[in-house]
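**Q** let me see the structure of the following:
(chains A and B)
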Amino acid sequence: MKRKFLKSFIILISFFMTSCYGSWNIFYEGNNVDYRTPVMPVLNDLADLSGSYNVLILTDTHFGYQRKEAPLVALYLWLDSVKGTDAAPKFAISLGDSVDTGAQEEYAEYIRFCDTLKNLYGIKIIFNVCGNHDIYQGHWGNWQANCYPHTSFYKFKTSGFSWYSFDTASGTLGNNQLEIMKKDMEADPNPKIVFSHYPLSEYNLAFGIGDTTERNLLISTFLKNNVRCYFGGHNHYSHFTDIGLYDYCCPSFRFNEAWTVLHVDENTGAAIANFSK
Amino acid sequence: MFIQKNDLRKKLLIICMLLFAAPAFCGSVNLFTNARPDMSLSTNLSACLKRDLRTAPFILDSKFSADFKELYFDCGSALQDQKFDFTTNVFYMPTFFEKFRAGLGFGYHFYRYFNEFSENDILFSLRFCWCKTSFFNWSFTAGFLLKNSLIDAMSKYQSNLFKNSYFLDLHFDWNFTPHFKAWCSVSSVDYFDYPLLGTPFFKSGVSYKFIDDVSLDISLSLKFVDMITSAVYLNECILKTGVKVYF
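**A** Residues are numbered from 1 along each chain as shown, chains lettered A, B, ... in the order given. Coordinates of the predicted model:
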C-alpha cells in the first residue's frame, strides 16, 4: 500500500517539475507578475514625435542562444539601405525574450547590439518588453537593470498616439495590470498601440495566452478603447488577423530571421505593420 | 507496390479488429452493468485564496452524477460574481477482465462572463481507468478541446474566435475505508475551467461519510498558468468545501 502511494505521489510531483524554466522559480518574488508591475509609469521620451515615421519591432532575439546565429548582417544591410531616408526607423521596440537564459553575459551581448542600433543607425530609443526567457532562473533583476525603461509595465505618448506595454512574462497579466491599464485607457481618447510578449489571439499548442478569460477581457478592453494595433511575439512565427484591431504575432528575429516594421501616420491615425518576410 | 500496400492495410485492420474483439470472445468484457446507478447530488462553496481574472472571492456550485459503472453521466453549474458556468459529461467505458475500464467521453461546457463574452467548449476524450482493487485506482484521460469564444465587443467585426486544443487528466483515488477516501489529480482542465493546453491544475482532496448517505468533501486546487513555456507561477488557489448526498 505504501509503495503504491509513493509511486503515485512521485508521478504527480514529477509533473510539477516539468516546467522548462525551473519549478524553483515559484519561491522567487521576481517571478510574480504583480510584484513586477505595481504601477504604470508614463514616459515622455517621444512626446514631440509627430508626422509619418517607421518603428522597428524585434522579438525573440534570444542573445546567448548558441545553436543558431542571429541574422545581424541582414538587419544591418536593411538599416544601411534606409539610412538617412524617411523609411529609417525613428525608434525600436523589442517584444521580449531578448536573451535566452537571463544571464548577465547574455544581457551584455544584447546591450552591445542595442548600442549598434543607436550609434550607427540613429535609432533614438529601444523600448523593451519583458519575456519569459528574460526572467528565466530568477533573472528579473538582470532584465530590470539592463533593459530600458527598466520597468515591464509602462505607457508613452507621441503627438497623436498612446503606446502601452504590459508584462506577460509569467504567461499572465494578472488583475493588477488589467485594472490599471483599463482605467487609463478609458480616460485617454487617443488612438492606441499596445505591445507585450505573448500574442493576443494567436495560440499554437502551448504557445499563447492559454487563459481565454484573460485573452477575451483584453480584446474587449482594447476594442472599447480605440486600440488600433497589438504586437506580440513568443510563438516564433508571423501571423496577422483583423479582429476589429490589427493583431500582429511577430516573427522571431533569431529563429525566423525576420523583423517587423510599423508605419505610423500621426496625422491620420493610421498604423500598419509589415513583416520583413 | 500499390497492391502490396493495400494487402498490408487489410491485414493490419483485421489484426486490430481481432485484438479489440478478443476480450468479447473470451467473455471477459462487461459492456453494461444492469443495476441501479449510484446517484449523488453535491453542493460546494469555494474560497479563492489566490485569484486570477476568472475567479471571484467565493464560488457556489452544484453537481448531479449518475454512475452505472460502465456508463457515467454528470452535470453541474457554478455561480460567482459576474460569471455563470454549466458543464455536462457522458462517459462510456466497458470493463475488461474485471481489471480496467477503457472507452470514450464527451463533455460540454458553457461559460458566460456577463457583459463581456461567452464561451462554448466541446470535449472528446479517450479514457482509461485501472480499477483492479477497490482500495486504489487511477485513471487517465486524453482528448480534444474545441473552444468557441463570442466576445460581445467583437461581434460587429468578427463573429467568434475558434481554437482547437488538447487536454490531459491523471487522477488517483484511495478508498481507505468505506467512509473515508482521498484523491489527487493533475489535469490541464478543471470541471468549470477550460484553459487551452499548458495550464495544469494540481488538486487533492478528502471525502468523509459522516452519516451513511452524506459525505463532507474538502479539496485544494492550485492552478499554474502556462507551466510549459514560462517559469512556474501560481495563478489561482481555491479551497473547496462541500456536502454530497448519495441516493
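
**Q** which stretches of chain B have low pLDDT?
**A** Under the criterion pLDDT under 70, the flagged ranges of chain B are B:1-6, B:16, B:18-27.

**Q** in it, which spans are helices?
**A** Counting by DSSP state H, residue ranges of the helices within chain B are B:2-26.

**Q** at the geometric centre of it, which residue sits there?
**A** B:Y191 (6.1 Å; C-alpha atoms, centre = their mean).

**Q** where does pLDDT dip in the stretch 101-250 of chain A?
**A** Along the stretch 101-250 of chain A, no part satisfies pLDDT under 70.

**Q** and the strands in it?
**A** Remark: strands assigned in the stretch 101-250 of chain A by DSSP state E, counting those that start in this stretch are A:126-128, A:154-157, A:162-165, A:192-195, A:227-232, A:239-242, A:246-249.

**Q** where does chain B get nearest to chain A, residue-wise?
**A** Residue of chain B nearest chain A, by C-beta to the nearest C-beta: B:D226 (2.8 Å). C-beta here means a position set from N, CA and C on the backbone, and glycine is covered the same way.

**Q** any idea how far A:R215 is from the residue nearest to that residue when sequence neighbours are not counted?
**A** Nearest-residue entry for B:D226: A:G171, 2.8 Å, with adjacent residues in sequence omitted and distances by C-beta to C-beta, 6 or more residues apart in numbering or on different chains. In this view, A:G171 and A:R215 are 12 Å apart by C-beta to C-beta, to the nearest Å.

**Q** ok, back up a step: which residues sit in contact with the residue of chain B closest to chain A?
**A** A:170-172, A:206, A:210, B:198-199, B:233 (C-beta atoms under 8 Å, 6 or more residues apart in numbering or on different chains).

**Q** same deal with A:D34?
**A** Counting by C-beta under 8 Å, 6+ apart, A:D34 has contacts A:174-176.

**Q** neighbour-wise, which one of the contacts of B:D226 leads?
**A** Counting neighbours by other C-beta atoms under 10 Å in any protein chain shown, A:G171 comes out on top of these with 29 neighbours.

**Q** now do the contacts for that residue.
**A** Contact partners of A:G171, counting by C-beta under 8 Å, 6+ apart, are A:132, A:198, A:209-210, B:198-199, B:225-226, B:229-230, B:233.

**Q** closest one of those residues to A:D48?
**A** Closest approach to A:D48 among those (C-beta to C-beta): A:Y198, at 31.2 Å.

**Q** count the residues that sit near that closest one.
**A** Counted with other C-beta under 10 Å, residues neighbouring A:Y198 total 34.

**Q** go on, A:K68?
**A** 11.

**Q** any idea how far it is from A:D265?
**A** 36 Å.

**Q** one more: B:V90?
**A** Noted for B:V90: a distance of 56 Å to A:D265, by C-beta to C-beta.

**Q** need the contacts of A:D34 in a markdown table with neighbour count and distance to A:T260, can you?
**A** As requested, those are exported to a markdown table (neighbours: other C-beta atoms under 10 Å in any protein chain shown; distance: C-beta to C-beta, whole Å):
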| residue | neighbour count | distance to A:T260 |
| --- | --- | --- |
| A:G174 | 24 | 26 |
| A:N175 | 15 | 30 |
| A:N176 | 18 | 29 |
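
**Q** out of the residues you listed, the closest to A:H236 would be?
**A** Lowest distance from A:H236 to the contacts of A:D34 (C-beta to C-beta) belongs to A:G174, with 24.5 Å.

**Q** neighbours of residue 59, how many?
**A** This is for chain A. Neighbours of A:T59 (other C-beta under 10 Å): 33.

**Q** that answer is for a different chain, and I need it for chain B
**A** Residues within reach of B:I59, counting by other C-beta under 10 Å, total 21.

**Q** residues in contact with B:L161?
**A** A:201, A:216, A:219, A:243, B:148-149, B:151, B:154.

**Q** identify the residue spatially nearest to the most centrally placed residue in chain A, adjacent ones excluded.
**A** A centroid search over chain A (C-alpha atoms, centre = their mean) returns A:L95, at 2.6 Å, as the residue closest to the centre. Spatial nearest neighbour of A:L95, chain neighbours left out: A:T59 (3.5 Å); criterion: C-beta to C-beta, 6+ apart.
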